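Q: sequence-free structure coming up:
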């Protein structure tokens, strides 16, 4: 049996512009008795991801709005501590959408809500990053949208992050050149020296898109066949003129505009003149691709060929500050909260 109390973080109010710690509320609630078919999970790690910012708003976003006064939505990994479902037994390691709370009570009869994972060769927290949603996001945008061929050049923004770092390594595994864009010399050094990208441009060294574009051109004089977009704004405006004819752009995120401000696009006519394919996507809409993606990602992580880094905040109460830091780029790699 588990303890009787559960700590949770709720969305207390919707942010006006930039979010703050005041938008969140930490509460303690009793754990309900398990009903037939339910499973209780002690969450070990919580995933913090940029998409959560869009869900805090009431208006239209690519994710459903997070209801007020309910547990913040989020991916979790943990251990089954109590089960009234035949497929799960205490001790099973699982991944799911447990939310910002220490315990989650899951209706295990609903398909897809809880998945058992093997931690023999892949560490449990990796199922929230390289072998989880961020890894599959990287895989889908690269493989299914950019579709790179050996010898081509792919550029990725937020290259040191959970998604971007996987994009470049998956591109390299397919015989491509990988160019990263990241913020700060430490992140750029990590991208080239540890992850094996061919080059990384520090956007913080460039005051405008023209300057950044010149640095990108120096790194890849022939231009780019594919662009994996996580940022928007100045980076997109710098990359667009460097795209080759019939280039492909996978639009995964626009973190430069997550607080609601518009993101101007300087030269949209380049989409036409270069006959570019520009496609936005949400990986949750492509569940058919997950098994293939997870098989490759799991194998690469288990054999040490896909490297990743984690930033870990300790304790549920520190999740809001860690999330606000993520939106400002203070994290290095995948942002997690350790709950146990």
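A: Noted; the coordinates are in hand. Note that the structure is a prediction, hence the values are computed from the model and not measured.

Q: CA only for contacts and neighbour counts going forward, please
A: OK.

Q: correct me, but residue 131 touches residue 297?
A: Yes: counting by C-alpha atoms under 8 Å, residue 131 touches residue 297, with 5.5 Å between them.

Q: Among the two, which residue is more densely surrounded?
A: Between residue 131 and residue 297, counted using other C-alpha atoms under 10 Å, residue 131 has the larger neighbour count: 26 against 22.

Q: where does the more buried one land in three-state SS?
A: coil (DSSP: H, G, I helix; E, B strand; the rest coil).

Q: cool, and residue 320?
A: helix.

Q: can you pull the contacts of it?
A: 21, 24 (C-alpha atoms under 8 Å, 6 or more residues apart in numbering).

Q: Secondary structure element holding the closest residue to residue 73 other than its chain neighbours?
A: Leaving aside its sequence neighbours, residue 73 sits nearest to residue 99 (C-alpha to C-alpha, 6 or more residues apart in numbering; 4.5 Å). Assessed by DSSP states H and E, residue 99 sits outside every helix and strand.

Q: State the pLDDT value of residue 99.
A: Looking at residue 99, its pLDDT stands at 97.

Q: quick one: contacts for it?
A: So, once contact is read as C-alpha under 8 Å, 6+ apart, residue 99 ends up touching 46, 71-76.

Q: make it 6 Å
A: Residue 99 makes contact with 72-74, according to C-alpha atoms under 6 Å, 6 or more residues apart in numbering.

Q: next one: residue 137
A: residue 283.

Q: how near is it to residue 324?
A: 22 Å (C-alpha to C-alpha, to the nearest Å).

Q: repeat for residue 334
A: Taken as C-alpha to C-alpha, the span from residue 334 to residue 324 is 14 Å.

Q: Same question for residue 68.
A: 18 Å.

Q: neighbour-wise, which of those two wins?
A: Shown here are residue 68 and residue 324; by other C-alpha under 10 Å, residue 324 has more neighbours (19 against 16).

Q: mind checking pLDDT for the more buried one?
A: 96.

Q: All good on my end, thank you.
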